[in-house]
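> predicted structure and sequence below. I'll ask about it afterward.
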Amino acid sequence: MNTDVAAWYLAGDGGQPVGPFPAEELIASVGAGRIAANTLCWREGLSGWLPLEQLEPFASAFNRARAGARRRVVVYALGGALIGLCAGLGAVAVSLYRSEAAMLADAWEFVEEGRYHQAAATLTTSLESTRFHRREAEYLLASARLRQYAASEAKPAASDALDEAAERLRRLFHARPRWRDRARHDLAELMDSIPTGTSDALDRSAALGETLEQIGLPDLAALPEWLEREKQFTGLRDKALEAVGKRDFPAAVARLNEALNIKPDDADIQRRLEDATTEIVREKLSEAEPMVSEGEYAGARLLIAEVEKLDPGNLEASELLRRIDRLIQLASFKEKAGAAIDNSDYDAALSLLRQAVQMARNDGTNSLARETLSGLIEDKVTLSRRLASQHRYADAQTILTEVLRMEPANATAREILDKLDGLIQFADLKRAGAAALEQGRYEQALELLSKASEANPQDEEVGSLAHRARAALMQDWIATAQRAKVERRYSETQRWLDKAMTLDPANQEIENLAKRIDALQDDPETTDLTGVWVPENTHNRFRFTVEGSRVRIEGIPGAGMALSTGKQVRSLHATWQRAGARLAGDVDVIFADGQSAVFEVSATVVSPAILRVRWRDARWDPKRKKWVGHGNTDWRKERGIE
């Protein structure tokens with residue numbers, strides 16, 4: 001019996017607390033029947049006011065009081081009945097009744113004292129011979145079986161005993177509902193009587209709760225607080241083990257930590273938590289390594305931060321974190337160098353790359369130094385390519401020389417360096433050719449740019465400069481030829497035209513000018529006056545008026561034209577230079593002689609063409625009745641000139 005002597009308070013009238021009372025005084029009052037079972041009580045440590053019959057040691061006191069009262073009632077009832085029976089049935093019936101009453105009283109005494117096995121044995125032996133109190137005996141036997149099952153610390157055997165007790169109570173409840181109310185009152189503490197700390201507590205409570213629910217007592221199947229915690233702990237442990245089986249270690253760690261909150265000293269849970277944490281750390285470090293290699297430093301740092309939370313003293317994580325910090329710094333150098341390259345600030349880029357190389361060389365981790373130096377060498381090669389593309393060949397040559405000092409076997413750097421000699425020569429030719437072109441030294445510019453184009457045929461800028469030089473030189477030679485023609489230095493004109501023809505053999509302007517030079521060499525007294533551009537789809541009538549040495553041409557769209565030949569004009573010759581154009585209609589060639597003459601030329605032009613006008617000193621001989629003078633053979637034959 002619990003002899004707790006802590007101060008207790010009772011609820012008085014109006015809900016006011018009365019007390020304090022020692023536990024012994026209250027127990028005595030319960031035994032004397034001065035306190036009701038549903039009287040509310042409280043002491044320090046309880047969460048609220050509870051009936052006395054739900055708390056020890058008062059619940060046991062009430063049970064003893066009830067048992068005593070029942071014995072007295074039974075004794076008195078049996079005594080009265082015995083007197084009646086003695087009168088009618090005799091001493092045998094009285095003896096049997098007293099024997100059954102005594103047996104029931106002993107059984108109740110065993111139950112109250114917790115000797116459930118002895119109570120069950122007594123009732124099982126006497127049950128078949130019981131006549132007067134059979135249902136009471138069946139109820140007491142079922143109650144003893146249930147209490148025996150709940151209170152036993154041994155591993156529960158088969159559920160035959162539970163099934164037997166449930167069947168007896170089910171029959172009693174069906175016979176009279178009062179047995180259900182009595183069972184609910186007597187068995188209120190049944191679940192609380194399951195021994196704490198046993199490995200089979202949950203199994204025992206599950207079987208007992210299922211039985212209570214089957215017989216219609218679900219309110220008694222609720223687990224006590226400690227058993228609820230035990231159930232929660234077992235569930236968390238099972239979930240953790242399942243997660244470990246699936247290699248879901250984060251979930252396992254979460255469940256194991258929750259289980260440790262319930263049982264902080266559980267060695268098995270602590271060991272399993274340590275193992276799961278080790279697996280998580282191993283996985284996260286395995287994930288972080290390739291991320292570091294791929295340059296995903298932020299993600300790797302997050303993983304390492306999680307590792308340090310799980311295992312603060314992990315040396316591998318600390319070393320990897322220091323490595324990431326160095327790589328981030330090196331990456332910063334490389335990123336700034338890349339930005340400098342993009343901004344064409346190559347000097348700053350080279351300085352940053354040199355700092356990064358020095359940092360990698362000073363690093364204590366050989367693998368890091370090798371990886372970083374390899375990357376920086378590639379960056380330097382890239383920078384040299386960029387400088388070469390910007391025609392900074394000398395700077396590129398310097399960087400590549402540094403690369404070869406760092407890595408003599410770098411084939412790429414050596415190949416680019418070999419090409420730089422040709423590129424430097426190409427750049428010099430290109431620069432000199434462009435300067436000569438700008439200064440008007442076209443022949444020299446064309447020579448230099450042609451050599452540059454042979455060195456690098458893919459350079460479009462050189463090709464464009466060479467084309468400009470060739471066109472400018474050709475125009476210069478044509479202009480020189482024109483000046484020589486005006487001065488009637490026809491052989492010199494022909495020489496310049498031949499040179500121009502070497503630049504562009506298909507040039508129509510040079511070809512036409514050469515043909516005219518040929519004609520002029522045959523007829524040195526022939527002089528071109530003008531060439532008139534005639535638009536397409538026009539019908540034109542040109543009027544020529546000759547006055548001494550002056551020739552006036554009318555009919556040119558937009559204006560008239562007056563020219564001076566410098567000599568006495570004796571005849572004019574108008575021809576069409578077609579330049580690939582097609583003419584509709586006839587072209588009249590009219591000659592005039594004397595101081596003043598007028599003639600016209602008519603033509604319909606369907607494509608652009610040029611009308612050429614010449615004068616000659618041919619004259620009409622009235623005696624011979626023919627034209628005499630100079631002119632080419634075809635012209636003289638056509639006009640009858642000798």
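Cool, the structure landed.
> helix, strand, or coil at G19?
Three-state call for G19 (DSSP: H, G, I helix; E, B strand; the rest coil): strand.
> what sits closest to it if chain neighbours are left out?
Excluding the flanking residues, the one nearest G19 by CB to CB, 6 or more residues apart in numbering is Y9, at 3.9 Å. Where you see a C-beta, it was placed from the backbone N, CA and C, and this is true even at glycine.
> tell me the bridge partners for the one you found.
According to DSSP bridges, the partner residues bridging Y9 are W42.
> how much space between it and S60?
Y9 is 20 Å from S60, where distance means CB to CB, to the nearest Å.
> point out where the stretch 51-200 of the chain drops to low pLDDT.
The stretch 51-200 of the chain contains residues with pLDDT under 70 at 53, 56, 68-100, 125-133, 152-160, 188, 191-193, 195-199.
> just to revisit the earlier point, OK, contacts around the residue nearest to G19?
Neighbouring residues of Y9 by CB atoms under 8 Å, 6 or more residues apart in numbering: P17, V18, G19, P20, F21, C41, W42, R43.
> switch to 7 Å and redo it
By CB atoms under 7 Å, 6 or more residues apart in numbering, Y9 lies in contact with P17, V18, G19, P20, C41, W42, R43.
> pLDDT at it, what is it?
Per-residue pLDDT puts Y9 at 76.
> and it, how far is that from K263?
From Y9 to K263 the distance is 34 Å (CB to CB).
> also L40?
Taken as CB to CB, the span from L40 to K263 is 34 Å.
> doesn't S47 fall inside a helix?
No. Counting by three-state DSSP, S47 is not found in a helix; it is coil.
> what is the neighbour count of it?
6 (other CB atoms under 10 Å).
> ramachandran angles for it?
Main-chain dihedrals, S47, degrees, to the nearest 10: phi -80, psi -20.
> mind pulling the model confidence for it?
70.
> now do the same contact list for it.
Counting by CB under 7 Å, 6+ apart, S47 has no contacts.
> so F249 touches R282, yeah?
No. F249 lies out of contact with R282 (CB atoms under 7 Å); the separation is 9.2 Å.
> looking at those two, which has the bigger crowd around it?
F249 (23 against 13).
> from A119, how far off is that one?
Using CB to CB, F249 is found at 52 Å from A119.
> before we move on, what SS does A165 have?
What three-state DSSP gives for A165 is helix.
> am I right that it is in contact with R145?
Yes. Counting by CB under 7 Å, A165 does reach R145; the two are 3.9 Å apart.
> what ranges do the strands span in the stretch 1-150 of the chain?
Secondary structure of the stretch 1-150 of the chain (DSSP state E, counting those that start in this stretch): strands located at 8-11, 17-21, 40-42, 50-51.
> mind giving me the packing neighbours of the shortest one?
Okay, so that is strand 50-51. strand 40-42 (3 or more CB pairs under 7 Å, 6 or more residues apart in numbering; DSSP states H and E).
> now the strand it packs on: average pLDDT?
Mean pLDDT, strand 40-42: 80.
> does anything pack onto it? Which helices or strands?
Secondary elements touching strand 40-42 (3+ CB pairs under 7 Å, 6+ apart): strand 8-11, strand 50-51.
> and the last one, which strands flank it?
Neighbouring strands of strand 50-51 in its sheet, by DSSP bridges, are strand 40-42 (antiparallel).
> packing partners for the strand or helix carrying V462?
For V462, the element it lies in under DSSP states H and E is helix 460-486. Helix 460-486 is packed against helix 411-438, helix 442-455, helix 490-503, helix 508-522, with contacts defined by 3+ CB pairs under 7 Å, 6+ apart.
> model confidence over that helix, on average?
80.
> would you mark the buried spots in stretch 265-283?
By neighbour count with 16 or more other CB atoms under 10 Å, stretch 265-283 contains the buried residues D266, I269, R272, L273, A276, T277, E279, I280, V281.
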